[in-house]
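Visitor: Mind folding the following:
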Amino acid sequence: MKCPFCSSENTRVIDSRPADDNCSIRRRRLCDDCGKRFTTYEKVETIPLIVIKKDNSREQYDRSKIEAGILRACHKRPVSVNQINDLIDQVETEIFNREDKELPSSVIGEIVMDKLKDLEAVAYVRFASVYREFKDVDTFMSELKKMLDR
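Guide: Numbering: from 1, shown residues only. A predicted model of the protein is given here:
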């Protein structure tokens, strides 16, 4: 592992433990050359997932795309960064537990909406309005009525 301070490759692990999410390993490292400490995280490499988009094109799964959509939906809402990361982790767990090598983007979007619905109602409606491409106010109102009926 290369030191982020001096770029030396002469580093060693001084402490290793499960990270807070229990899905990765947190390692404290020490650079033998400059003496500085830094932290790295080791995560299990999963089978690459291919996402089938609406136009039937395919691309490799990218966590940052889900994160960007959720961040936009939660903008100026009382949702913490930890809650957003937990939500993304839950979505990923559900996606990768399916063990499909290819998954339509519609399935991923529905999973995200299902999780957002439980987290924050306004963020859910924002995400749904973009994801489901609400064409007019009537579509928007019908989605709101569904939420109120629960």
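
Visitor: Tell me who's in contact with the residue most central in space within the chain.
Guide: Most central in the chain under Cα atoms, centre = their mean is residue 88, positioned 3.2 Å from the mean C-alpha point. Going by Cβ atoms under 8 Å, 6 or more residues apart in numbering, residue 88 touches 63, 66, 67, 70. Just so you know, the C-beta spots here come from the backbone N, C-alpha and C atoms, and that holds for glycine as well.

Visitor: farthest residue from the center of this structure?
Guide: residue 33 (35.9 Å).

Visitor: Assumed that residue was part of a strand.
Guide: No - assessed with DSSP: H, G, I helix; E, B strand; the rest coil, residue 33 is coil; it does not lie in a strand.

Visitor: For it, list the residues it contacts.
Guide: Residues near residue 33 by Cβ under 8 Å, 6+ apart: 3, 6, 8, 10.

Visitor: TSV for those residues, including distance to residue 141?
Guide: Shown next, in TSV, are the contacts of residue 33 (distance: Cβ to Cβ, whole Å):
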residue	distance to residue 141
3	57
6	60
8	61
10	63
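
Visitor: Can you add pLDDT and distance to residue 124 and give those back as a markdown table?
Guide: Formatted as a markdown table, the contacts of residue 33 follow (pLDDT from 0 to 100; distance: Cβ to Cβ, whole Å):
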| residue | pLDDT | distance to residue 124 |
| --- | --- | --- |
| 3 | 94 | 44 |
| 6 | 96 | 47 |
| 8 | 94 | 48 |
| 10 | 94 | 50 |
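
Visitor: from those, which single one is nearest residue 25?
Guide: residue 3 (19.0 Å; Cβ to Cβ).
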